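Trainee: Here you go, sequence then predicted model.
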Amino acid sequence: MAVQKLTIAKALNDSLRKALEEDPKVLIMGEDVGKLGGVFRITDGLQKDFGEERVIDTPLAESGIVGTAIGLALRGYRPVVEIQFDGFVFPAYDQIVTQLAKMHARSLGTIKMPVVIRIPYAGGIGAVEHHSESPETLFAHVPGLKVVSPSNASDAYWMLQQAILSDDPVIFFEPKRRYWDKGEVDVEAIPDALHGARVARTGTDITLAAYGPMVKVCLEAAAAAAEEGKSVEVVDLRSMSPIDFDTLQASVERTRRLVVVHEAPVFLGVGSEIAARITERCFYHLEAPVLRVGGYHAPYPPARLEDEYLPGLDRVLDAVDRSLAY
Amino acid sequence: MTVESTAARKPRRSSGTKRPAGAASAAKPAAATAKTHDAEPQLVQLLTPEGERREVADHPDIAEFAPYVADITTEDLRGLYRDMVMTRRFDGEATALQRQGELGLWASLLGQEAAQIGSGRALRDDDYVFPTYREHGVAWCRGVDPTNLLGMFRGVNHGGWDPTTNNFHLYTIVIGSQTLHATGYAMGVAKDGADSAVIAYFGDGASSQGDVAEAFTFSAVYNSPVVFFCQNNQWAISEPTERQMRVPLYQRAQGFGFPGVRVDGNDVLACLAVTRWALERARRGEGPTLVEAFTYRMGAHTTSDDPTKYRRDEETAAWEAKDPILRLKAHLLATGGADEAYFEQLEVESEALGKRVREVVRSMPDPDTMAIFENVYADGHALVDEERAQFAAYIASFEGGE
Ligand SMILES: Cc1ncc(C[n+]2csc(CCOP(=O)(O)OP(=O)(O)O)c2C)c(N)n1
């Protein structure tokens, strides 16, 4: 059957399996990805079926993992790297930013870097420090990298395969608190383009733009707002680099209002870029300034405070009200 | 100097003649294992798993280290025993509290008590400790109230104690980072002309990190008074030590130009002796040492882990026979160092600790919401002030009612 109901975790697992089956050059690398199947079990069973040469338990060294993935890519492989948690990508940040991102440009386009870096990211699971961060801006800011995040099972399945097929390095942020959410996946569908935004819900009064874990919150906010007679459109950006401004612009031209929602700190975040661009593109359409809802300029707090820290329904609806009040 | 073949990396039962792993001087780093029928790299061991003291006369390999515990009295041995029992009780309580939903996560030290208590009791008050996230026994030795360790696992804070009170730094979760902090701190100690020492704890997995290699490099180049205390508990989550390195861990020091010693990590006395030896070297200005405490993580990596997916019961059972606490108990009983009444009284004491821990955790208050904005900067920051004010107004808007 082409349409299956899968959790995001299972969709990712199926997607990796398909990639391994289809291209012998695809490799999975990371800490605990083998027997354990990764701490979130995204690689569950893959080593058993594809062997230790394809699904590689690496030493506990992130710079090493990414640096060797670069070398493997130079040799014609397509490594899919797992970083165990968001906060642990930084030992590899040097390799990602100074090497991976620039190799294509430095080689005047002769070298391709088909490396995917999968990172379970963002909060909401009650974890200890370094396990709940949203560092996407730090990657989206780097020329040469592509940055995406699926929000549902179908995108998880398709976007990961598209990322693996891409000849550019892709930072693939997986919303870890949504791993167990189920959704329909049509494994024979023609997927949306990797970097295209998607209107997840249509509306006429205001647009909410989000990606990854916040899409669900925005859809819930839209449903709640509907009960109050407000018609909210939700755009799932899906990609933070590049950003599909055309889809967003079209939406804002219809609704004339925009609120961008993400977990990452608001200051200099993806929302800031969107606010600036949409203001340029839609200046004469806008009825209100573009508002942003997100994290604070503070370290991610201890678990018992994350409900206060993370944008929830109330904060999103509050921003909707503020925008509509202009 | 032969480096062992890879076949020799698996732990085997030790027996036969041994050369002292740690007998090397600073000038001549620890030799690779002498190749014998018994391929396990030798351990410095003072107390056998059966609880018998190994004597220098029969075991010349321990001659360098045994003097470092020559002063240990029966009373001291009882103290070490008590430390291990109390630590295990605390750890067990924390594991239970996690299962009851009182803690979000727990990283158990079960099986590693001797490595932590032995090394922790080797320290002087003015020494400085840089732990990872599992050093509950070392914290105990430093006088940190164990309940303070639970805040971060409950999710009410990221630390929970003032590191300068007990010279015990905050737990570090990013693997290996703290070895560099320890090295820098030790560089400072040396600059100050002080004779204290610094100890950095980390795991076998951590030794793969670039940071750890860089810490080795800096400490060697600057001859810093730091002891790298690696608890090789055989696993980094699901990955065995073989996934991190191809030579016995303690031998890594050799390439950086300082000595490495492998000690029986389930022998509290040997851990005490070897750590004292390494700290003394540091104090004398002889630079860093790598101590590999060969031990075992009896439990799961953390309460979120499922070790049945990757390790065998037989392996765990084999290590159970080397239990650090039973070993010292056997010794104390055999030598008349303690009687049943002592053990019973300790049982009562450890139960009281368990009870206190339970009560403190259950009544631990959630942090104030505004704590999100506290201590982001030492000097204050306009953006944080603005966001704090906006957040306060937002919260107040609910309190006023709609
Ligand atoms: C930089 C970094 N990468 C990954 C992790 C996730 N992680 C936490 S503990 C651990 C294994 C650590 O093994 P080891 O260093 O042997 O110490 P042990 O926990 O066994 O004491 C891993 C991979 C982390 N905390 N930091």
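Mentor: Looks like it came in fine.
Trainee: Is residue A:43 in contact with residue A:13, as I believe?
Mentor: Yes. With contact defined as CB atoms under 8 Å, residue A:43 reaches residue A:13; the gap is 6.9 Å. Just so you know, the C-beta spots here come from the backbone N, C-alpha and C atoms, and that holds for glycine as well.
Trainee: Which one of the two is surrounded by more residues?
Mentor: More neighbours surround residue A:43 than the other of residue A:43 and residue A:13, with 29 against 24 (other CB atoms under 10 Å in any protein chain shown).
Trainee: Would you enumerate the residues in contact with the residue nearest to that one when sequence neighbours are not counted?
Mentor: In this structure, residue A:43 finds its nearest non-sequential neighbour in residue A:33, 4.4 Å apart by CB to CB, 6 or more residues apart in numbering or on different chains. By CB atoms under 8 Å, 6 or more residues apart in numbering or on different chains, residue A:33 lies in contact with A:43, A:46-47, A:55-58, A:82.
Trainee: Out of those residues, which is nearest to chain B?
Mentor: Comparing the contacts of residue A:33 against chain B with CB to the nearest CB picks out residue A:57 as the nearest, at 5.5 Å.
Trainee: Specify the beta-bridge partners of the closest one.
Mentor: On the basis of DSSP bridges, residue A:57 is bridged to residue A:30.
Trainee: circling back: which SSE is the residue nearest to residue A:43 in?
Mentor: Using DSSP states H and E, residue A:33 sits within no helix or strand.
Trainee: for chain A, which spans come out with low pLDDT?
Mentor: For chain A, residues meeting the criterion pLDDT under 70 lie at A:1.
Trainee: Next to the ligand, which bits of it? Give me the list.
Mentor: A:31, A:60, A:62, A:84, A:88, A:91 (CB under 6 Å from any ligand atom).
Trainee: for the residues you listed, which one is nearest chain B?
Mentor: So of these, ranked by how close each gets to chain B (CB to the nearest CB), first place is residue A:60, at 3.9 Å.
Trainee: and that closest one, what element?
Mentor: Assessed by DSSP H and E, residue A:60 sits outside every helix and strand.
Trainee: which residues does it contact?
Mentor: Applying CB under 8 Å, 6+ apart, the residues contacting residue A:60 are A:31, B:175, B:205-206, B:208-209, B:236, B:239, B:244.
Trainee: can you tell me which of those are in strands?
Mentor: Judged by DSSP state E, strands contain the following of the contacts of residue A:60: B:236, B:239.
Trainee: any chance of the contacts of residue A:60 in JSON lines, plus distance to residue B:150 and neighbour count?
Mentor: Converted to JSON lines, these look like this (distance: CB to CB, whole Å; neighbours: other CB atoms under 10 Å in any protein chain shown):
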{"residue": "A:31", "distance to residue B:150": "26", "neighbour count": "28"}
{"residue": "B:175", "distance to residue B:150": "21", "neighbour count": "27"}
{"residue": "B:205", "distance to residue B:150": "24", "neighbour count": "28"}
{"residue": "B:206", "distance to residue B:150": "23", "neighbour count": "25"}
{"residue": "B:208", "distance to residue B:150": "29", "neighbour count": "25"}
{"residue": "B:209", "distance to residue B:150": "27", "neighbour count": "25"}
{"residue": "B:236", "distance to residue B:150": "24", "neighbour count": "25"}
{"residue": "B:239", "distance to residue B:150": "28", "neighbour count": "24"}
{"residue": "B:244", "distance to residue B:150": "30", "neighbour count": "22"}
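Trainee: out of everything not next to it in sequence, what's closest to residue 146?
Mentor: I'll assume chain A. Per CB to CB, 6+ apart, closest to residue A:146 is residue A:170, 4.7 Å.
Trainee: actually chain B
Mentor: Nearest non-adjacent residue to residue B:146, counting by CB to CB, 6+ apart: residue B:90, 4.8 Å away.
Trainee: wait, what's in contact with the one you found?
Mentor: Contact analysis of residue B:90 by CB under 8 Å, 6+ apart lists B:136, B:140, B:146, B:353-354, B:357.
Trainee: With residue A:239 instead?
Mentor: A:146-149, A:194-197, A:211.
Trainee: please redo it, this time with the cut-off set to 7 Å
Mentor: Residues counted as contacts of residue A:239 (CB atoms under 7 Å, 6 or more residues apart in numbering or on different chains) are A:147-148, A:194-195.
Trainee: Closest to residue B:385 out of those residues?
Mentor: Taking CB to CB as the measure, residue B:385 sits nearest to residue A:147 out of the contacts of residue A:239, at 30.8 Å.
Trainee: Now for the contacts of residue A:239: which two are most distant?
Mentor: The span of those, defined through CB to CB, is set by A:147 and A:194 at 10.9 Å.
Trainee: ok, these two, which is more surrounded?
Mentor: Set side by side, residue A:147 and residue A:194 show more neighbours around residue A:147, with 26 against 20, by other CB under 10 Å.
Trainee: Beta-bridge partners for the residue in chain B positioned nearest to the ligand, please?
Mentor: Taking CB to the nearest ligand atom, the ligand has its nearest neighbour within chain B at residue B:203, 2.1 Å off. Residue B:203 has these beta-bridge partners by DSSP bridges: residue B:231.
Trainee: so what pLDDT did it get?
Mentor: We have a pLDDT of 98 for residue B:203.
Trainee: Do I have it right that it meets residue B:236?
Mentor: Yes. Residue B:203 is in contact with residue B:236 according to CB atoms under 7 Å; the separation is 6.2 Å.
Trainee: Let me know the helix or strand that the residue nearest to residue B:146 is in.
Mentor: Here residue B:90 is assigned to helix B:74-99, by DSSP H and E.
Trainee: Which strands or helices does the helix or strand following that helix pack on?
Mentor: The first helix or strand that comes after helix B:74-99 along the chain, using DSSP H and E, is helix B:113-120. If contacts are counted by 3 or more CB pairs under 7 Å, 6 or more residues apart in numbering or on different chains; DSSP states H and E, helix B:113-120 sits against helix B:74-99, helix B:136-142, helix B:268-283, helix B:324-335.
Trainee: do the longest one and the ligand meet at all?
Mentor: In other words, helix B:74-99. No. Judged by CB under 6 Å from any ligand atom, helix B:74-99 stays clear of the ligand, getting no closer than 13.2 Å.
Trainee: and that helix with helix B:268-283, angle?
Mentor: Calculated by axes from the mean of the first three to the mean of the last three CA atoms, to 10 degrees, helix B:74-99 forms an angle of 100 degrees with helix B:268-283.
Trainee: circling back: looking at the contacts of residue A:33, which has the most residues close by?
Mentor: residue A:43 (29 neighbours).
Trainee: what about that residue, is that helix, strand or coil?
Mentor: Classification of residue A:43 by DSSP: H, G, I helix; E, B strand; the rest coil places it in coil.
Trainee: Check the contact between it and residue A:16; I expect there is one.
Mentor: Yes. Between residue A:43 and residue A:16 there is a contact under CB under 7 Å: 6.5 Å.
Trainee: what's around the residue of the stretch 151-300 of chain B found nearest chain A, how many residues?
Mentor: Taking CB to the nearest CB, chain A has its nearest neighbour within the stretch 151-300 of chain B at residue B:155, 2.8 Å off. Close neighbours of residue B:155, defined as other CB under 10 Å, add up to 23.
Trainee: what does the one 4 residues further on give?
Mentor: Counted with other CB under 10 Å, the neighbours of residue B:159 add up to 15.
Trainee: which secondary structure element contains it?
Mentor: For residue B:159, there is no host helix or strand (DSSP H and E).
Trainee: From residue A:283, how far off is it?
Mentor: Taking CB to CB, to the nearest Å as the measure, residue B:159 falls 47 Å from residue A:283.
Trainee: ok, for residue A:35, nearest residue in space, not its chain neighbours?
Mentor: Nearest non-adjacent residue to residue A:35, counting by CB to CB, 6+ apart: residue B:310, 4.3 Å away.
Trainee: how many other residues sit next to the one you found?
Mentor: Around residue B:310 there are 19 other residues, counting by other CB under 10 Å.
Trainee: Kindly report the residues of the stretch 101-250 of chain A close to chain B.
Mentor: A:126-130 (CB under 7 Å from any CB of the partner chain).
Trainee: and those residues as a markdown table, adding neighbour count?
Mentor: Output for these, formatted as a markdown table (neighbours: other CB atoms under 10 Å in any protein chain shown):
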| residue | neighbour count |
| --- | --- |
| A:126 | 17 |
| A:127 | 23 |
| A:128 | 22 |
| A:129 | 23 |
| A:130 | 18 |
